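Student: Okay, structure incoming, though there's no sequence with it:
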């Protein structure tokens, strides 16, 4: 059994706690949150603490907090035994300043507490400072996921950038599309089958081949007509994205 202490109470920590709780070879020994009252949505059967001085002994300590806080938080972990890992896609391994061995455990997914996830299909990127810790961290990852990858800090940083384009930026486009729907009094629901097909299509074919629309066809009349009906940020984004699509065709 791999003994695990989870440090954090955000969206990722919430879903990791659920995954660890049901994994057969993980002993989820403790959950840390800086708040005295830990979110009631977490499993109350797991021992909890709000003091770093009272952390239980474990094989792996997982820091699942916001990126900007990782460095300073890790300095407070004064123990030397065990493996301390962070869960950030954008932060390098050496952001950790603790005395124990160090690593990274990065689940590549978007997390919200009110949205169920199946960790079995979630890719987990792992990295260790000392090779002797690799098998332990790999075993932990494989306990909850069927997609585990060894990826170093430089690769992971680029992976996180790609993820921002694929997830965060695309979601902002959905938000803009909804704004247009709302402004013109029709439901965003009408676009949902199209959004699903777009996501499903890139599971089967290259995104470049999946591209359709006026910019792909270089239909300048349609593009100019659309641009004339937009203003501000929407107009700039439409123009920029259309140019990007056309440039991709011309490469």
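Tutor: Cool, got the structure. These numbers were taken from a predicted model, which means no experiment stands behind them.
Student: okay, CA-based contacts and neighbour counts for the rest of this
Tutor: Will do.
Student: Would you mark the buried spots in the longest helix belonging to the chain?
Tutor: Criterion DSSP state H: the longest helix present in the chain is helix 232-250. Buried residues in helix 232-250, counted by 16 or more other CA atoms under 10 Å: 234, 237, 238, 239, 242, 245, 246.
Student: surely the third one meets residue 227?
Tutor: Which is residue 238. Yes: here residue 238 reaches residue 227: they are 7.0 Å apart, a contact under CA atoms under 8 Å.
Student: ranges for the strands of the stretch 1-150 of the chain?
Tutor: Secondary structure of the stretch 1-150 of the chain (DSSP state E, counting those that start in this stretch): strands at 2-7, 26-32, 48-49, 60-63, 83-86, 101-107, 123-128, 147-150.
Student: helices or strands up against the fifth one?
Tutor: Taking 3 or more CA pairs under 8 Å, 6 or more residues apart in numbering; DSSP states H and E as the contact definition, the neighbouring helices and strands of strand 83-86 are strand 60-63, strand 101-107.
Student: Name the strands paired with the last one and say parallel or antiparallel.
Tutor: For strand 101-107, the paired strands and their directions (DSSP bridges) read strand 83-86 (parallel), strand 123-128 (antiparallel).
Student: Could you export those to CSV, including columns for mean neighbour count and distance to residue 34?
Tutor: As requested, the strands paired with strand 101-107 are exported to CSV (neighbours: other CA atoms under 10 Å; distance: least, CA to CA, whole Å):
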stretch, mean neighbour count, distance to residue 34
strand 83-86, 26, 17
strand 123-128, 23, 26
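Student: Turn the ones you listed into CSV, columns for mean pLDDT and distance to residue 183.
Tutor: Shown next, in CSV, are the strands paired with strand 101-107 (pLDDT from 0 to 100; distance: least, CA to CA, whole Å):
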stretch, mean pLDDT, distance to residue 183
strand 83-86, 98, 42
strand 123-128, 98, 38
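Student: a markdown table for the ones you listed, including distance to residue 152?
Tutor: Formatted as a markdown table, the strands paired with strand 101-107 follow (distance: least, CA to CA, whole Å):
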| stretch | distance to residue 152 |
| --- | --- |
| strand 83-86 | 13 |
| strand 123-128 | 6 |
